[in-house]
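Engineer: Any chance you can model this:
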Amino acid sequence: MAEAPAQDSASLPGRGDPAAAPAATANDRTIRRCLTVLGALALLCIAGPWFSRYGVDHTDWEHLSVAPGLTHGHWLGTDAIGRDVFVRLCVGGRLSLLIGLLASLVALVLGMSYGVVAGYAGGVVDRLLMRALDLLAALPFLLIVILLLTVFERSLPLLLAAIGGYVWMDLARVIRAEAARLRGLAFVDAARLLGAGPGWIMARHIAPNLLGLALVYLSLGVPNAILIESFLGFLGLSVDEPAASWGAMLFDGTQEMDLAPWTLIAPAAALATTLICCQFLGEALRRRLDPRRAVA
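Structural biologist: Next comes the predicted model:
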């Protein structure tokens, strides 16, 4: 009996493609670089103040608006009231990164839950939930957030809830579309025939298959949340003094830009680096988790 001809490995999808391997390698390299930069930045924010003899609210009256240098110990200079810019940058980075991560997790939970229920239910339930979402999206939500932070006492939980409640709606629409697509696949029909209820199917079959998409959103939602917090901090609606955030430092830096431009350059550079790395990381993860775009 004649043997069947061996299938060329180059004809298999994802194997032997001369363009796929370099693209995948470059994509993985981008992920590693972005994670390295973000990890180094987070480590600096955590451990940086330990190497300085100044506290976040310490006022050095002998060095007001002093330029960056090593002789006086203020590596990134001081602001108009003698506070060390390096220490405030690290402490502000802790808060900004924490708010960005936790607010994105809040948005992730809300968006995943809402989108999975709407996508799997379909029909009237889906239409009602999406029309309610359209109504929420039509509201000037950022103005509502500003109003809440103005009326009520500002705190970290309120800030997280306000920012997370603002950025979850786009994720809900994406998750709803993917959940509706998964609802018609064979493994969901098999689970339904075996007697699984809607709650079990959504929790054990629909939601786990959307974790890759959720991971991509998390990497893209963090810079969005950080940017909103920085905007609120710029308006003076973030945390109260003596706590610092990059947005609050940007606001202070604009007031001292003529005499002490380093007070604006330092937080602007840290914020720009974080946002750029998160954007590149999100795009790389999207390509990594979507094999059809591996050679794009």
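
Engineer: Secondary structure class of Leu70, three-state.
Structural biologist: coil (DSSP: H, G, I helix; E, B strand; the rest coil).

Engineer: List the residues that contact the residue most central in space within the chain.
Structural biologist: The centroid of the chain falls nearest to Val222 when counting by Cα atoms, centre = their mean (1.0 Å). Taking Cβ atoms under 8 Å, 6 or more residues apart in numbering as the criterion, Val222 is in contact with Gly100, Leu101, Ser104, Cys278. C-beta coordinates here come from the backbone N, C-alpha and C atoms, glycine included.

Engineer: Now for Leu135, how many residues are close by?
Structural biologist: Using other Cβ atoms under 10 Å, Leu135 is surrounded by 9 other residues.

Engineer: which residues are in contact with the helix or strand where it lies?
Structural biologist: In this structure, Leu135 sits in helix 123-138 according to DSSP states H and E. Residues from elsewhere that reach helix 123-138, judged by Cβ under 8 Å, 6+ apart: Tyr114, Val117, Ala118, Gly119, Ala121, Met169, Ala172, Arg173, Arg176, Ala180.

Engineer: Repeat the analysis, applying 7 Å as the threshold.
Structural biologist: Contacts of helix 123-138 with the rest of the structure, by Cβ atoms under 7 Å, 6 or more residues apart in numbering, involve Tyr114, Val117, Ala118, Met169, Ala172, Arg176.

Engineer: Lowest-confidence one in the residues you listed?
Structural biologist: Across the set of these, Met169 stands lowest in pLDDT, at 85.

Engineer: what helix or strand does that one sit in?
Structural biologist: Assessed by DSSP H and E, Met169 sits inside helix 156-183.

Engineer: If you count neighbours, what's buried in the helix-or-strand element of the chain with minimal mean pLDDT?
Structural biologist: The weakest-scoring helix or strand in the chain, judged by mean pLDDT, DSSP states H and E, is helix 141-151 (a mean of 76). The neighbour-count check on helix 141-151 (16 or more other Cβ atoms under 10 Å) flags Val145, Ile146, Leu148, Leu149 as buried.

Engineer: what's the answer for stretch 179-194, then?
Structural biologist: By 16+ other Cβ under 10 Å, the buried positions in stretch 179-194 come out as Ala179, Ala180, Leu182, Arg183, Val188, Ala191.

Engineer: in terms of contact, does the fifth one touch Trp200 like I think?
Structural biologist: No: applying Cβ atoms under 7 Å as the test, Val188 and Trp200 come out as separate, 11.1 Å apart.

Engineer: Gly282 touches Ala214, doesn't it?
Structural biologist: No: the pair Gly282 / Ala214 is not scored as a contact, 11.9 Å apart, by Cβ under 7 Å.

Engineer: Contacts only, for Ala161.
Structural biologist: By Cβ under 7 Å, 6+ apart, the contact set of Ala161 is Val106.

Engineer: So that it lines up with my notes, have the first residue be 327 from now on.
Structural biologist: Okay, residue one is now 327; in that scheme the one you just asked about reads as Ala487.

Engineer: Nearest residue to Leu615 in space, please, no chain neighbours.
Structural biologist: Leaving aside its sequence neighbours, Leu615 sits nearest to Gly538 (Cβ to Cβ, 6 or more residues apart in numbering; 4.3 Å).

Engineer: measure Asn535 to Leu402 for me?
Structural biologist: 46 Å (Cβ to Cβ, to the nearest Å).

Engineer: Which one's more surrounded, those two?
Structural biologist: Per other Cβ under 10 Å, whichever of Asn535 and Leu402 has more neighbours is Leu402, with 20 against 15.

Engineer: re earlier: the least confident helix or strand of the chain vs helix 482-509, what angle?
Structural biologist: 150 degrees (axes from the mean of the first three to the mean of the last three Cα atoms, to 10 degrees).

Engineer: which residues in this protein form helices?
Structural biologist: Here the chain has its helices, by DSSP state H, at 346-373, 411-447, 449-464, 467-477, 482-509, 512-519, 524-527, 537-560, 572-581, 588-615.

Engineer: Look up phi and psi at Asn388.
Structural biologist: One thing to correct before we go on: residue 388 is Glu, not Asn. Dihedral pair for Glu388: phi -80, psi -10, per degrees, to the nearest 10.

Engineer: returning to that earlier point: the residue nearest to the centre of the chain and Gly449, how far apart?
Structural biologist: Distance, Val548 to Gly449, using Cβ to Cβ: 35 Å.

Engineer: Equivalent analysis for Phe513, please.
Structural biologist: For Phe513, the distance to Gly449 equals 21 Å [Cβ to Cβ].

Engineer: ditto for Ile425
Structural biologist: Going from Ile425 to Gly449 by Cβ to Cβ gives 38 Å.
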